[in-house]
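1. Pasting a predicted model and its sequence here:
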Amino acid sequence: QVQLVESGGGLVQTGDSLRLSCPVSARTFSTTTVGWFRQAPGKERDFVAALSRGGGRTYYANSVKGRFTISRDNAKNTVDLQMNTLKPEDTAVYYCATSSAALGSNFERRIVYDYWGQGTQVTVSS
């Protein structure tokens, strides 16, 4: 059973940065697609970013492109989401999810991910 525990959320002001982390072992990284999703109150859980198996490709939602970066930290064995120039509309619970499948064009679909974390709250004040 894979257990994902996200870290790094918090309360920040508009324009600030935060870095979220999702643990992914070195042993499984090459065979694991990692996605970040977020869910604001009263809204559906939406795709934010994904890192393909082994880290060769990155994918982003249009709303975060140019501000967020997903990457692998080999020293910490995590997949991180660096969030810059945060806006109030980025406020949400952020979830890490993993899949052992090669997702192709399906990286935005929640159903293809096998395991999910409990979520970490990100609040951006105006």
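-> Perfect, I can see it now.

2. after the lowest-mean-pLDDT helix or strand in the chain, next one along is what?
-> One helix or strand of the chain scores below all others by mean pLDDT, DSSP states H and E: helix 26-29, with a mean of 89. Where DSSP states H and E defines the elements, the next helix or strand beyond helix 26-29 is strand 33-39.

3. Quick one: the strands in this structure, in order.
-> For the chain, strands defined by DSSP state E occupy the ranges 10-13, 18-23, 33-39, 45-51, 58-60, 68-73, 78-83, 92-99, 115-116, 120-125.

4. for the third one, which positions count as buried?
-> In this case it means strand 33-39. Buried residues in strand 33-39, counted by 16 or more other CB atoms under 10 Å: 33, 34, 35, 36, 37, 38. Quick note: C-beta positions are derived from backbone N, CA and C, even for glycine.

5. cool, and the last one?
-> Residues 120, 122, 123, 124 are the ones in strand 120-125 that count as buried (16+ other CB under 10 Å).

6. For these, could you give me JSON lines that also reports pLDDT and distance to residue 16?
-> Output for the buried residues of strand 120-125, formatted as JSON lines (pLDDT from 0 to 100; distance: CB to CB, whole Å):
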{"residue": "120", "pLDDT": "97", "distance to residue 16": "16"}
{"residue": "122", "pLDDT": "98", "distance to residue 16": "10"}
{"residue": "123", "pLDDT": "98", "distance to residue 16": "11"}
{"residue": "124", "pLDDT": "98", "distance to residue 16": "7"}
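
7. any chance of those in TSV, plus distance to residue 59?
-> Formatted as TSV, the buried residues of strand 120-125 follow (distance: CB to CB, whole Å):
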residue	distance to residue 59
120	20
122	20
123	25
124	23
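
8. Nearest to the spatial middle of this structure, which residue is it?
-> Centroid-nearest residue in the chain: residue 36, 2.3 Å away (criterion: CA atoms, centre = their mean).
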